[in-house]
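1. Pasting the sequence and the predicted model now:
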Amino acid sequence: MSFEPITGRYLTVTVQGRRQRIYVEMAGEGTPVLCLHTAGADTRQWRHILNDTGLTKDHRFYAFDMPWHGKSLPPEGFQTEEYLLTTEAYIETVLAMSRALGLDRPILAGCSMGGRIALQLAALHGDAFSGFIAIEASDFQPAWYDIDWFHRPDAHGGEMGAALVSANISPHAPDSERWNTLWMFMQSGPGVFRGDLSFYTRDDSLIGRLPRIDTTRTPVHLLVGAYDLTCTPEDARRTAAAIPGATCTVMEELGHFPMSEHPAAFRPFFADALDRMKVPADV
Amino acid sequence: MRATLAMMQSRLNATPYLLRLGRLFSETVLLEVDGAEYYLTFRDGRLDQIAEGPSRKTPWRFALRTDGDALAQFWQPVPKPGFHDIFGLVKIGRGRIDGDILCLVKNLRFFKDFMALARTRTEELA
């Protein structure tokens, strides 16, 4: 028997006055990197990075399931609530997790809505981190679809969500990883993808905050896949251009879930992004 | 186009997982290519009938309108960005989806996989 290097543990943090039992996976030794999954999915999206011994030899990666996602339970009383993620709750969750894990200014790496909140944290709490890797992240994306489609009694929200987001997966992605990626959306709890999309498609507060990000203290690097229809290269470039000193790389053969859909193609871009997180004083 | 649709029809009707996914799908879909209308009538996941337009009296549930070159690119083994998905065609201004979009979304994997049946498979190029 040979276990993967990833270990999973649970801890409880308090966010906005409520206790949240959170599942977190960890691997590696060295510079701490906190990893955030996309909407409607979970920490499994980071499985290839956490199992990559070339990266874990000098980085310790932490990836946690947001409340309501993956193996993190919803809070007590959820059964009569409408789940709607907010910028404030998301920021508090990430900060609470970083504190609870005892991390000292970790690198923050987030994808899609995780990339969006990484940029919010860069603007509002830059001192709590040492750098930001914002993957498939943009200032704002209004929805062309109706988010209510994904939570209704007469259809399976997860299957519809997976079919929708499959538009964002590159045809270069291996079939096995395409379907592993979509499976997470199919498993998403009722209304959770909708609640994440509410944050992602309705809160445009990041736009005005981008210029205040200080990349001389905390580097910001954006990665974007050419096949991403949700956050296009144009969206990511526009976002990077609004952050003085931010850099952006287009990944020609990747889509919206690069670390999960096509890990081999994503790896060099992510390794390069980690290298860029060293500020001149650290080199 | 007619021959391609007939090929997609025979592939669909010989693909068990698609017939299973579409078992509750009995609708008419309008596919419009370079202005030419094709009314695709599905019954229990099978493509029963392909009727050419123009027609003002054929009811349809949702429509995908595009052009022949965009579809040819969509059907490449590894399409370029934007041409890789029906919503990509819409995003890059080469397609339009009208009608009961919720019906499409409820049956999205089925319809997308049906549309991809004409995609040239890599092994066919070898």
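-> Happy to help now that I have it.
2. Burial check on residue A:180, number of neighbours?
-> Per other CB atoms under 10 Å in any protein chain shown, the neighbour tally for residue A:180 reads 18. Yep, even glycine has a C-beta here, placed from its N, CA and C like the rest.
3. same thing with residue A:61?
-> One way to gauge burial is a neighbour count; for residue A:61, by other CB under 10 Å, it gives 25.
4. do the same with residue A:271
-> As a burial measure, the neighbour count of residue A:271 was computed by other CB under 10 Å and equals 15.
5. Which of the three states applies to residue B:6?
-> Remark: residue B:6 carries the secondary structure label helix [criterion: DSSP: H, G, I helix; E, B strand; the rest coil].
6. okay but it is in contact with residue B:50, surely?
-> Yes: with contact defined as CB atoms under 8 Å, residue B:6 reaches residue B:50; the gap is 6.9 Å.
7. ok, the two, which is more surrounded?
-> Here residue B:6 and residue B:50 are compared on neighbour count by other CB under 10 Å; more neighbours surround residue B:50, at 16 against 12.
8. what about the more buried one, distance to residue B:74?
-> Going from residue B:50 to residue B:74 by CB to CB, to the nearest Å gives 18 Å.
9. In the sheet, which residues pair with the closest residue to residue A:64 other than its chain neighbours? Tell me.
-> Nearest residue to residue A:64 in three dimensions, chain neighbours excluded: residue A:24, at 4.0 Å (CB to CB, 6 or more residues apart in numbering or on different chains). Judged by DSSP bridges, the bridge partners of residue A:24 are residue A:9, residue A:64.
10. In terms of pLDDT, where does residue A:24 sit?
-> Residue-level confidence at residue A:24 comes out at 98, pLDDT.
11. distance of it from residue A:53?
-> Counting by CB to CB, the separation of residue A:24 from residue A:53 is 20 Å.
12. what about the two, which has more around it?
-> Counting neighbours by other CB under 10 Å for residue A:24 and for residue A:53 shows that residue A:24 has the greater number, 21 against 9.
13. give the contact list for the more buried one.
-> Residue A:24 is in contact with A:8-11, A:43, A:62-65, A:97, A:101, counting by CB atoms under 8 Å, 6 or more residues apart in numbering or on different chains.
14. And it, how close does it get to chain B?
-> When distance is defined by CB to the nearest CB, to the nearest Å, residue A:24 is 32 Å away from chain B.
15. And the strands in chain B, which stretches?
-> Read by DSSP state E, chain B holds these strands, from start to end of the chain: B:28-33, B:36-43, B:46-52, B:62-66, B:95-99.
16. wait, which of these is closest to chain A?
-> When those are compared by CB to the nearest CB, strand B:95-99 sits nearest chain A, at 10.2 Å.
17. how much space between the residue of chain B found nearest chain A and residue A:271?
-> The nearest approach of chain B to chain A comes at residue B:108, 3.5 Å away (CB to the nearest CB). The gap separating residue B:108 from residue A:271 is 35 Å, by CB to CB.
18. same check, this time on residue A:235
-> Residue A:235 is 24 Å from residue A:271, by CB to CB.
19. you'd agree residue A:262 is up against residue A:170?
-> Yes: under the criterion of CB under 8 Å, residue A:262 lies in contact with residue A:170, with a separation of 6.2 Å.
20. quick one: common contacting residues for those two?
-> In the contact map built from CB under 8 Å, 6+ apart, the residues linked to both residue A:262 and residue A:170 are A:253-255.
21. Going along the chain, name the helices of chain A.
-> For chain A, applying DSSP state H gives helices covering A:47-50, A:53-56, A:87-100, A:113-124, A:157-165, A:175-187, A:192-202, A:233-241, A:258-261, A:263-276.
22. Now mean pLDDT too, for those, in JSON lines please.
-> Supplementary listing: the helices of chain A in JSON lines, determined by pLDDT from 0 to 100:
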{"stretch": "helix A:47-50", "mean pLDDT": "98"}
{"stretch": "helix A:53-56", "mean pLDDT": "98"}
{"stretch": "helix A:87-100", "mean pLDDT": "98"}
{"stretch": "helix A:113-124", "mean pLDDT": "98"}
{"stretch": "helix A:157-165", "mean pLDDT": "96"}
{"stretch": "helix A:175-187", "mean pLDDT": "98"}
{"stretch": "helix A:192-202", "mean pLDDT": "94"}
{"stretch": "helix A:233-241", "mean pLDDT": "98"}
{"stretch": "helix A:258-261", "mean pLDDT": "98"}
{"stretch": "helix A:263-276", "mean pLDDT": "98"}
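23. And those helices: which comes nearest residue A:141?
-> helix A:192-202 (6.0 Å; CB to CB).
24. Output that closest one as CSV - backbone C-alpha positions only.
-> Taking C-alpha atoms only, helix A:192-202 is exported to CSV below (Å, rounded to 0.1, in the frame of the first residue of the first chain):
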residue,chain,number,x,y,z
VAL,A,192,-24.3,25.9,-3.3
PHE,A,193,-23.2,26.7,-6.9
ARG,A,194,-26.0,29.2,-7.1
GLY,A,195,-24.9,30.9,-3.8
ASP,A,196,-21.3,31.1,-5.0
LEU,A,197,-22.4,32.5,-8.3
SER,A,198,-24.3,35.2,-6.5
PHE,A,199,-21.0,36.4,-5.1
TYR,A,200,-19.2,36.0,-8.4
THR,A,201,-21.7,37.6,-10.7
ARG,A,202,-23.3,40.4,-8.5
